[in-house]
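Visitor: Provided below for reference: sequence and predicted model.
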Amino acid sequence: MNTDLSNYRKSYEKGALLINETPENPMELFQKWFYEVDKFFVEDETNAMTISTIGLDGFPKNRVVLLKKYTFEGFIFYTNYNSEKGQAIANNPNVCLSFFWHGAERQVIIKGKAEKIAENLSDGYFESRPRGSQLGALVSNQSEIIESRDFIDKKLERLQQELEGKTISRPKHWGGYIVKPVEFEFWQGRPNRLHDRIQYKLQPDYNWCKNRLSP
């Protein structure tokens, strides 16, 4: 196989990012961008983010998860604690998040440390999920090898019958993480590959140091 993609081209011309127009706190800029993408570029799944972890095998691994909440403290998502990503985080909590909003020609990269949120917060979110998603969290031993799709479908069917009419409680192996950021990079596509890149780094006094990076 030999597939040449060297002629794929796109000119990025939808915006600019000037450092003197950016706030001192990167979460304010993230919120502004998030709202703009969510309002004006509806084709993007705005809260879809890539999380990168360092696996137990020493390799980095990326996967897309859904951001469910963000505050000035950090970014919250939910998963199976026993999954491959959960085991990776338990071994090394340093992770990287990234959002790519192609419609707006914007990207945000966030380095941070992941930690489990309080159990009552995970309980509250689990209770708000559709029943099918609650059952899915019970059915799937995430990341484990299974013999077939039929195996998981039959397991779900049995569980639906077993729990019919009953309240489903959050399993202890499922819950939320918060990623507390230590570094942000905001990327705005520009013509001629001379993109705007603004970096924020958290300082020991908990203020943010802001710089422009060369494209």
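Guide: In hand now; what should we look at?
Visitor: Please count neighbours and contacts with C-alpha atoms only from this point.
Guide: Fine.
Visitor: where exactly do the strands run in this structure?
Guide: For the chain, the strands defined by DSSP state E occupy 48-54, 60-66, 69-70, 75-80, 94-101, 106-116, 174-188, 196-202, 208-213.
Visitor: center of the protein - which residue?
Guide: residue 49 (3.4 Å; C-alpha atoms, centre = their mean).
Visitor: Bridged to that one, which residues?
Guide: Counting by DSSP bridges, residue 49 forms beta bridges with residue 65.
Visitor: residues in contact with it?
Guide: Shown in contact with residue 49 (C-alpha atoms under 8 Å, 6 or more residues apart in numbering): 64, 65, 66, 67, 97, 98, 99, 100.
Visitor: Make a markdown table out of the residues you listed and add distance to residue 106, pLDDT and neighbour count.
Guide: Shown next, in a markdown table, are these (distance: C-alpha to C-alpha, whole Å; pLDDT from 0 to 100; neighbours: other C-alpha atoms under 10 Å):
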| residue | distance to residue 106 | pLDDT | neighbour count |
| --- | --- | --- | --- |
| 64 | 17 | 97 | 14 |
| 65 | 18 | 97 | 15 |
| 66 | 18 | 97 | 16 |
| 67 | 17 | 98 | 18 |
| 97 | 14 | 98 | 23 |
| 98 | 11 | 98 | 20 |
| 99 | 8 | 98 | 21 |
| 100 | 6 | 97 | 19 |
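Visitor: List just the nearest of those to residue 181.
Guide: Nearest to residue 181 among the contacts of residue 49 is residue 97, at 9.3 Å by C-alpha to C-alpha.
Visitor: Residue 107 is in contact with the closest one, correct?
Guide: No. With contact defined as C-alpha atoms under 8 Å, residue 97 does not count as touching residue 107 (10.6 Å).
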